[in-house]
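*Asks:* Got a predicted structure here, sequence first:
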Amino acid sequence: MRMFRRGLLAWGSRVMVLLVFVCCTVSLIYMLACTPKVDYVQSALAKVSGPPGKDNYHAIIQEHEEQQNNYINSLKKQIAQLKEELQKRSEQLKTLQEQGGLKLGGPFDQGSPEKTHTDLYDFLHAQIDKAEVHAGQKVPTEYAVVPFESFTMQKVYQLEMGLTRHPEEKPVRKDKRDEMMEAVESAVESLNSAEDEGNTKQHAYSSSDFIEGIYRTERDKGTVYDMTFKGEKNHELNRVVLFRPFGPVMKVKNEKINTANMLINIIVPLSKRADKFRQFMQMFREVCIQQDGRVYLTVVYFGKEQMNEIKDILEINAKQANFKNYTFIQRNEDFSRGKGLDVGARAWKSSNVLLFFCDVDIYFTADFLNSCRMNAQPGKKVFYPVLFSQYNPAIIYGHHAPAPSLEQQLVIKKDTGFWRDFGFGMTCQYRSDFINIGGFDLDIKGWGGEDVHLYRKYLHSNLIVIRTPVRGLFHLWHEKHCVDELTPEQYKMCMQSKAMNEASHGQLGMLVFRHEIEAHLRKQKLKMTAKKT
């Protein structure tokens, strides 16, 4: 902000100088306009001092008035041009004052290229002073600390482990690999360049001399890299500290999006589970019909068992809410989630529509539906939200009598659930993109695998995949059964999901060691009783 204020003051001062210059120029022009030219006056006097004559005098006066009018018109034109330039500069200053900072379309667009380069360089250099590079900064609590992560040429040792859950790994993401390599190469180049003290280089450094490094990113300032290299002598090390500053915020887009006609076709594949569907329809009525009102529901049902009960639930809710935007499709075959979603998507025959692939044990809010609309765009973007998965309420709220309501249970805390970042089943994408990408792999049967396959298709395409945790999308806990018909890989995925669904690490630990805890409590109770006696 200091850099922004300096730039703003400098720009304001330049405009004020221009205002003073224009005022002086206008005054000077006015004086010149009202004062005859010296050489013309001398010429006129010479003519008047000549032989007297009425006709000669009138001719001189007429010529004088004509030249004076031409001169005044020329000055008026120059004044008008100066006023127009002054107006432009005043508007630019007003815009800067309203913005209060540096943005695209601000001073960088107006000044000379040299001045623009200088301002940007000063700003980026100031980021080093603001970051915790040269000196420490006061931190209110241990939770506000931005930790470093360490790396070598082969591995990254990380606290935020991401989807792989590995505390150490080879950098999987290309941007991370490129970032590390660029930092090491820049450090090697710095070591091989002439030192400030003028010492003669004795050794040609390379990346093989790199031992290890640490780095961290302050998101509003930049990334600092602190790297250690082998020295030329025993017990000698070289340290190189680099900083990658973040530039000023730049405006990319500012647009209004009308969502009034953005219909969402919610597709739910289902087999049995009538109680869960009844709960789903209650949520659907409140959120989709009463609050949002821009949805279509497609239910794809597999088998015949409980089919009539499912249809009755759907029709009763639709009748009570006067809701007609739904389709019920029945399939006489074994359940396949990918097949159900594929059938539901292809059953839509109208114009292109936004699809939300959903399950019966999902709870979502009206805000999520708008997130769905904002983060999917035909031919451009698909939305893969990370939902919050609820732990087993019997474990979380076992000591409560009675347990909180469902809405009260759906809070995002570490003891109530977790971000299901390994799941890709809930997604918003336009039907045209789904068809063009080839849809699901219909050879996959039963539970799991089809969603990852589709997700990878999009990753390999030119579409933008929006992957982010969202606050309005929940996976409701239910007991999971991993059947023997699953392939070994599917069974493993199912069991991992089952283990993670039950409770947090700490809560599971309390269950495992409950006998020791109960024994400890009994001993404490006996000690208290003994003291009283």
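*Replies:* Received the coordinates, thanks.
*Asks:* Double-check that N501 belongs to a helix.
*Replies:* Yes - judged by DSSP: H, G, I helix; E, B strand; the rest coil, N501 forms part of a helix.
*Asks:* so who does it touch?
*Replies:* By C-beta atoms under 8 Å, 6 or more residues apart in numbering, the residues touching N501 are 389, 391-392, 477, 480. To be clear about C-beta, it is placed using only N, CA and C from the backbone, and glycine gets the same treatment.
*Asks:* Among these, which has the minimum pLDDT value?
*Replies:* Across the set of those, K480 stands lowest in pLDDT, at 77.
*Asks:* mind checking the longest strand of the chain?
*Replies:* strand 464-475 (DSSP state E).
*Asks:* Could you report the neighbour count for F302?
*Replies:* F302 sits with 22 neighbouring residues when counted by other C-beta atoms under 10 Å.
*Asks:* Now do it, the pLDDT please.
*Replies:* 96.
*Asks:* wait, doesn't it sit right on P269?
*Replies:* Yes - taking C-beta atoms under 8 Å as the definition, F302 is a contact partner of P269 at 7.3 Å.
*Asks:* hey, what's in contact with both of those two?
*Replies:* 335-336, 340.
*Asks:* From A394, how far out is the residue lying closest to L473 once chain neighbours are set aside?
*Replies:* What sits nearest to L473 in space, not counting adjacent residues and going by C-beta to C-beta, 6 or more residues apart in numbering, is L387, at 4.2 Å. L387 sits at a distance of 21 Å from A394 (criterion: C-beta to C-beta, to the nearest Å).
*Asks:* Look at the two and report which has more neighbours.
*Replies:* Set side by side, L387 and A394 show more neighbours around L387, with 24 against 11, by other C-beta under 10 Å.
*Asks:* Name the helix or strand for that one, please.
*Replies:* strand 381-390 (DSSP states H and E).
*Asks:* and the next helix or strand after that strand, average pLDDT?
*Replies:* As assigned by DSSP H and E, the chain's next helix or strand after strand 381-390 is helix 393-396. Mean per-residue pLDDT for helix 393-396: 82.
*Asks:* thinking again about what came up before, strand 464-475 and the strand holding L387, what's the angle between them?
*Replies:* Interaxial angle of strand 381-390 relative to strand 464-475 (axes from the mean of the first three to the mean of the last three C-alpha atoms, to 10 degrees): 30 degrees.
*Asks:* Pick out the residue nearest the middle of the chain.
*Replies:* Among the residues of the chain, the one closest to the centroid is T468, at 8.4 Å (C-alpha atoms, centre = their mean).
*Asks:* picking that back up, quick one, which of the contacts of N501 are buried?
*Replies:* The neighbour-count test (16 or more other C-beta atoms under 10 Å) marks 389, 391-392, 477 as buried among these.
*Asks:* Using JSON lines, please lay out those together with distance to R431.
*Replies:* Formatted as JSON lines, these follow (distance: C-beta to C-beta, whole Å):
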{"residue": "S389", "distance to R431": "27"}
{"residue": "Y391", "distance to R431": "35"}
{"residue": "N392", "distance to R431": "36"}
{"residue": "W477", "distance to R431": "31"}
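*Asks:* Pull the most distant pair out of the residues you listed.
*Replies:* Longest distance between any two of those is 10.8 Å, between S389 and N392; criterion C-beta to C-beta.
*Asks:* Looking at the contacts of N501, spot the one nearest F368.
*Replies:* Using C-beta to C-beta, the contacts of N501 come closest to F368 at S389, 14.9 Å.
*Asks:* For the closest one, list the residues it contacts.
*Replies:* 417-420, 423, 474-475, 477, 500-501.
*Asks:* Quickly note the distance from N254 to K381.
*Replies:* From N254 to K381 the distance is 18 Å (C-beta to C-beta).
*Asks:* Which of the two has more residues huddled nearby?
*Replies:* Each of N254 and K381 has its neighbours counted (other C-beta under 10 Å); K381 has more, 18 against 5.
*Asks:* Is it correct that that one is in contact with L463?
*Replies:* Yes - between K381 and L463 there is a contact under C-beta under 8 Å: 6.4 Å.
*Asks:* ok, how many other residues are close to E236?
*Replies:* The burial count assigned to E236 is 8, neighbours taken as other C-beta under 10 Å.
*Asks:* wait, E189
*Replies:* Per other C-beta under 10 Å, the neighbour tally for E189 reads 11.
*Asks:* again, but for I128
*Replies:* Neighbour tally, I128, other C-beta under 10 Å: 14.
*Asks:* same thing with E286?
*Replies:* 15.
*Asks:* how close does it sit to G293?
*Replies:* 12 Å.
*Asks:* do the same with Q127
*Replies:* For Q127, the distance to G293 - C-beta to C-beta - is 47 Å.
*Asks:* In contact with G340, which residues?
*Replies:* Contacts of G340 (C-beta under 8 Å, 6+ apart): 267, 269-270, 300, 302, 331.
*Asks:* make it 7 Å
*Replies:* 269, 300, 302 (C-beta atoms under 7 Å, 6 or more residues apart in numbering).
*Asks:* Am I right that it sits in a strand?
*Replies:* No - assigned with three-state DSSP, G340 falls outside any strand and is helix.
*Asks:* low-confidence ranges in the stretch 151-300 of the chain?
*Replies:* For the stretch 151-300 of the chain, applying pLDDT under 70 flags the ranges 161-166, 168-169, 171-172, 194-202.
*Asks:* Could you rerun that using 90?
*Replies:* Across the stretch 151-300 of the chain, the ranges flagged by pLDDT under 90 are 151-180, 193-204, 214, 216-222, 230-237, 239, 243-257.
*Asks:* L355 should be in a strand, yeah?
*Replies:* Yes - residue state for L355 (three-state DSSP) corresponds to a strand.
*Asks:* Which residues does it form beta bridges with?
*Replies:* N265, Q429 (DSSP bridges).
*Asks:* Identify the residues contacting it.
*Replies:* Per C-beta under 7 Å, 6+ apart, neighbours of L355: 265, 267, 345, 428-431, 434.
*Asks:* Return the backbone torsion pair for L297.
*Replies:* Backbone torsions of L297, given as degrees, to the nearest 10, read phi -120, psi 130.
*Asks:* Look up the closest residue to it, ignoring the ones flanking it.
*Replies:* Once flanking residues are discounted, L297 sits nearest to Y326: 4.2 Å by C-beta to C-beta, 6+ apart.
*Asks:* for that neighbour, what are its contacts?
*Replies:* Taking C-beta under 7 Å, 6+ apart, one finds 296-297, 314, 318 in contact with Y326.
*Asks:* N234 too?
*Replies:* So N234 contacts nothing (C-beta under 7 Å, 6+ apart).
*Asks:* please renumber so the chain begins at 52
*Replies:* That works, and once the first residue is 52, the last one we named lands at N285.
*Asks:* tell me the secondary structure for it?
*Replies:* coil.
*Asks:* can you tell me which of the contacts of Y377 are in strands?
*Replies:* Cross-referencing the contacts of Y377 against strands under DSSP E gives 347-348.
*Asks:* Among the contacts of Y377, which one has the most neighbours?
*Replies:* L348 (25 neighbours).
*Asks:* contacting residues for that one?
*Replies:* Shown in contact with L348 (C-beta under 7 Å, 6+ apart): 317, 335, 376-377.
*Asks:* Quickly note the distance from T274 to R388.
*Replies:* T274 sits 41 Å away from R388 when distances are taken as C-beta to C-beta.
*Asks:* Neighbour count: those two, which is higher?
*Replies:* Between T274 and R388, counted using other C-beta under 10 Å, the more crowded position is R388 (24 against 17).
*Asks:* nearest residue to that one other than its sequence neighbours?
*Replies:* Going by C-beta to C-beta, 6+ apart, R388 has P320 as its nearest residue, at 5.1 Å.
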